[in-house]
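Trainee: I need the structure of the sequence given here:
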Amino acid sequence: MISKYSLTKKQKNNLTRCIISLLLVVALSVLFHFVKVPWWIELPAYLVPYLIVGYDVLLRAFKNIRNGQVFDECFLMTIATVGAIATGEYREGVAVMLFYQIGELFQSIAVGKSRKNIADLMDICPEVANVLHEDGSVTEEDPDDVEIGSVIVVNPGERVPIDGIIIEGDTSLDTSALTGESVPRAAHPDDEIISGCISLTGMIKVRTTKEFEDSTVSKILELVENSSMRKAKAENFISKFAKYYTPIVCYAALALFALPPVGRLIFGLDPNWLDWLMRALTFLVISCPCAVVISVPLSFFGGIGCASSKGILVKGSNYLEALADTGTIVFDKTGTITKGVFEVQSIYTEADVSRDYLLKRAASAESASNHPIAESILRAYKKDFGTEINYSRIYDAEEIAGHGVSIKYKEEIDGVSVNYKESPDGVVESVDKKAGSGSEIHFKIYAGNMRLMKMIGAVVPEQHDEGTVVYVAESCLGDSSVEGPATLIDKKIKYLGCIVIADELKDTSAEAMEGLRKQGIKTIMLTGDSEKAASLIAKKVGVSEYKSELLPGDKVSEVEKLLSAEKDKSRLAFVGDGINDAPVLARADIGIAMGAMGSDAAIEAADIVLMDDDPAKISLAMKISRKTLKIVKQNIIFAITIKVLCLILGALGIANMWLAIFADVGVMILAVLNATRALRC
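Mentor: You can find the predicted model right below:
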């Protein structure tokens, strides 16, 4: 264990003291076995190794007593060892202190190993950023001082200090510190790049999109630093247990020393003060709660460190504990089960509408949105037309929550007839309207789901369910050259057609569901997609249940229903990535957010963050949490059982000081070694 860990200076010093003390005790024991000497020679001889190994424990005990903090393990060790030496058990007194210090060294090394993963994570924060100025000069600046929109230079081998977009250069990125993945990822101009990655092969220029305090690396460090503040129920129990347990056993030891001899005196028997004193001292050594007090938080810390090394950030041991009790996991679809990268698959138009006309109208309507669906339509427009949308023609953009978007659009038409005619049922088919030379025709364009079409009264002759469908309709508002932009008349809506968009599944989504199923976890998918599209995705990935055609607010309602239906104190987790997922993440027992593509709001609201957006990591997180809780329970049961048994034996005079040493230090070492298993994922 020690050979695989680089000892600190303090640990090396303690190890040296333990070795010197052990050698002296062995030498003195052999010497005094063959050479009989008076106590006034033997006592000072044994005090040398005792003080070498235990002087710091004696000092801490004295300082704590002076500060009013009497009952702790230092006090127990001091009373037990000083008492043993005072009764002539020199070797046993030194041995108790020696083995206690060896146990403390093991604990320190174990904590150091568990901190190593998180310490490595702390190294992801660069101290400087190379800022490129307009004159071509580069200066090193504190990342905190770099403003949004600045251009920074990242050389090969350097970490990216701030989130941004690559504007020049190609490279391979080492993201292992963030995601746990060892395979480098290629990065090119226009790619988003997050802080904490290492540029391996090339020099890149990055335009910053966030301030340093809002960058990924800062968020990660904040999460890690605060994780120890949120303790699990088991940790809180142990803290309260130690608070009351230590003074109780001290008074019990005092009673064990005083009451039986007094009782024997009353009945006219030899009180055997020395015998009962040794029993009381043995009782104190056995009762030291180090094994439980140390191993429980160490197990949780090891579990969090193990998870962080795999790109799973747990904000506190209470969430790691809650995850082990989770029976149901609810998934958002877009960006969670799927990649959130939509592409236009098909375009269906009405008979009198051209494909280009429909795509242009849809792109204009979606131009004000940053939703992945909108971005896919804009990409298709740019690909077909080779140009960007003319934003000067668009005004009064409005997002209709859970339905879609609408805009007003002005189009210059030079002496062209606009044929709109109203049918008997009030739907516009065409109307003969001559636009004047250089005039503008104003339209209101709608793009969204079927609910939006029903809301505005558009007649959709055929619905499409093979993917995410964006239906498009418009209304002519008027000719500005004649009468100015007219007020919208709701019934004059012309349906133009629809665009089918598909979102690709993540490579590990099916694997994630299978892993959770094997662990007995129920999986549910929530989506705003149509029934047919949702059914197709659910079948491909293998979720237990799914709910389709949900508005953003419906997700909260569905989670509320599931929470009320949970039985046997089982927990419910929700996995999402978008801003609209933040309320659900906060409402669920455990919120799990996608950290790479997820919104800041979702990451802030979540309790666990997956840094590489890999849903398969949820199954791994479940395994880590359950393994950690299993280790915690093992240590508590093992330590308390051995303690109680040995305390009874010690009180009856059956257990001697050597058994007491095993019951204290031996149990602590075994519990600590067991706790370190939480480090191995």
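Trainee: could you give the average pLDDT over the longest helix along the chain?
Mentor: In the chain, ranked by residue count with DSSP state H as the criterion, the top helix is helix 616-651. Mean pLDDT, taken over the full extent of helix 616-651, equals 90.
Trainee: in it, what's buried?
Mentor: Neighbour-count burial for helix 616-651, counted by 16 or more other C-beta atoms under 10 Å, picks out 616-622, 624-629, 631-632, 634-636, 638-639, 642-643, 646-647, 649-651. Quick note: C-beta positions are derived from backbone N, CA and C, even for glycine.
Trainee: before we move on, what about stretch 251-260?
Mentor: Within stretch 251-260, the residues scored as buried using 16+ other C-beta under 10 Å are A252, A253, L256, F257, P260.
Trainee: distance of R571 from A593?
Mentor: Shown here: R571 relative to A593, a distance of 17 Å by C-beta to C-beta, to the nearest Å.
Trainee: comparing those two, which residue is more hemmed in?
Mentor: Between R571 and A593, counted using other C-beta atoms under 10 Å, the more crowded position is A593 (29 against 19).
Trainee: in three-state terms, label the residue lying farthest from the centre of the chain for me.
Mentor: Each residue of the chain has a distance to the centre, and by C-alpha atoms, centre = their mean the biggest one is for G268: 67.7 Å. Assigned state for G268: coil (three-state reduction, DSSP: H, G, I helix; E, B strand; the rest coil).
Trainee: contact partners for it?
Mentor: Residues counted as contacts of G268 (C-beta atoms under 8 Å, 6 or more residues apart in numbering): none.
Trainee: what's the answer for the one 4 residues further on, then?
Mentor: With contacts defined as C-beta under 8 Å, 6+ apart, the neighbours of N272 are P261, R264.
Trainee: any figure for the gap between it and A322?
Mentor: Using C-beta to C-beta, N272 is found at 53 Å from A322.
Trainee: so L23 is in which element?
Mentor: helix 9-34 (DSSP states H and E).
Trainee: show the average pLDDT along that helix.
Mentor: Averaging pLDDT along helix 9-34 yields 92.
Trainee: which positions within it qualify as buried?
Mentor: Applying 16+ other C-beta under 10 Å to helix 9-34 flags Q11, N14, L15, R17, C18, S21, L22, L24, V25, L28, F32 as buried.
Trainee: next helix or strand past it?
Mentor: For helix 9-34, the following helix or strand on the C-terminal side (DSSP H and E) is helix 39-66.
Trainee: next SSE after that following helix?
Mentor: Sequence-wise, the next helix or strand beyond helix 39-66 is helix 73-86, with elements assigned using DSSP H and E.
Trainee: what does that next one contact?
Mentor: Residues from elsewhere that reach helix 73-86, judged by C-beta under 8 Å, 6+ apart: 43, 46-47, 50, 54, 57-58, 60-61, 64-65, 90, 92-94, 96-97, 100, 246, 249-250, 277-278, 280-282, 284-285, 287-290, 293, 657, 660.
Trainee: what separates A675 from N635, distance-wise?
Mentor: Following C-beta to C-beta, the distance that separates A675 from N635 is 6 Å.
Trainee: find residues that contact each of these two.
Mentor: Listed as contacting both A675 and N635 by C-beta under 8 Å, 6+ apart are S295, V296, S299.
Trainee: any chance of those residues in a markdown table, with pLDDT too?
Mentor: A markdown table is the format used below for these (pLDDT from 0 to 100):
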| residue | pLDDT |
| --- | --- |
| S295 | 78 |
| V296 | 81 |
| S299 | 84 |
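Trainee: now intersect those with the helices, please.
Mentor: S295, V296, S299.
Trainee: tally of neighbours for the first one?
Mentor: The local packing count at S295 equals 32, with neighbours defined by other C-beta under 10 Å.
Trainee: quick one: contacts for the closest residue to M278 other than its chain neighbours?
Mentor: Counting by C-beta to C-beta, 6 or more residues apart in numbering, the nearest residue to M278 once its immediate chain neighbours are dropped is T87, at 6.2 Å. Under the criterion of C-beta under 8 Å, 6+ apart, the neighbours of T87 are L274, L277, M278, L281.
Trainee: what sits against the second one?
Mentor: Under the criterion of C-beta under 8 Å, 6+ apart, the neighbours of L277 are G83, T87, F257.
Trainee: just curious, which of the residues you listed is nearest to I165?
Mentor: Top of the list for closeness to I165, among these and by C-beta to C-beta, is G83 at 69.6 Å.
Trainee: and the closest one, how far from E89?
Mentor: Using C-beta to C-beta, one obtains 9 Å as the distance from G83 to E89.
Trainee: tell me the pLDDT at S150?
Mentor: The predicted structure scores S150 at 93 on the pLDDT scale.
Trainee: quick check: which ranges of the stretch 51-200 of the chain have low pLDDT?
Mentor: For the stretch 51-200 of the chain, residues meeting the criterion pLDDT under 70 lie at 107, 110-125, 176-183.
Trainee: which element is the closest residue to S570 other than its chain neighbours on?
Mentor: Using C-beta to C-beta, 6+ apart and skipping residues adjacent in sequence, the residue nearest S570 is G327, 3.3 Å away. For G327, the enclosing helix or strand under DSSP H and E is strand 326-332.
Trainee: what pairs with that strand, parallel or antiparallel?
Mentor: Here the strand partners of strand 326-332, with direction, are listed using DSSP bridges: strand 522-526 (parallel), strand 571-576 (parallel).
Trainee: and those, which is most packed in?
Mentor: Per-stretch averages of neighbours, counted by mean count of other C-beta atoms under 10 Å, single out strand 571-576 among those, with a mean of 26.
Trainee: avg pLDDT for it?
Mentor: Looking at strand 571-576 alone, the average pLDDT works out to 90.
Trainee: so how far is that strand off the chain centroid?
Mentor: Mean-position distance between strand 571-576 and its chain equals 13 Å (C-alpha atoms, centre = their mean, to the nearest Å).
Trainee: export the helix or strand that it is followed by to PDB, keeping only CA atoms.
Mentor: Going down the chain from strand 571-576, the next helix or strand is helix 582-587, by DSSP H and E. Listed in PDB are the C-alpha atoms of helix 582-587, where the atom choice follows Å, rounded to 0.1, in the frame of the first residue of the first chain:
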ATOM      1  CA  ALA A 582     -33.600  22.500 -14.300                       C
ATOM      2  CA  PRO A 583     -36.900  22.500 -12.400                       C
ATOM      3  CA  VAL A 584     -37.300  18.700 -12.800                       C
ATOM      4  CA  LEU A 585     -33.600  18.100 -11.800                       C
ATOM      5  CA  ALA A 586     -34.200  20.200  -8.600                       C
ATOM      6  CA  ARG A 587     -37.500  18.400  -7.800                       C
END
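Trainee: what lines up beside the following helix or strand past helix 582-587 in the sheet?
Mentor: Later in the chain than helix 582-587, the nearest helix or strand by DSSP H and E is strand 590-594. Within its sheet, strand 590-594 is paired with strand 571-576 (parallel), strand 608-610 (parallel), according to DSSP bridges.
Trainee: phi first, then psi, for the residue nearest to L620 when sequence neighbours are not counted.
Mentor: Once flanking residues are discounted, L620 sits nearest to K310: 6.1 Å by C-beta to C-beta, 6+ apart. Dihedral angles phi and psi of K310 (degrees, to the nearest 10) take the values phi -100, psi 10.
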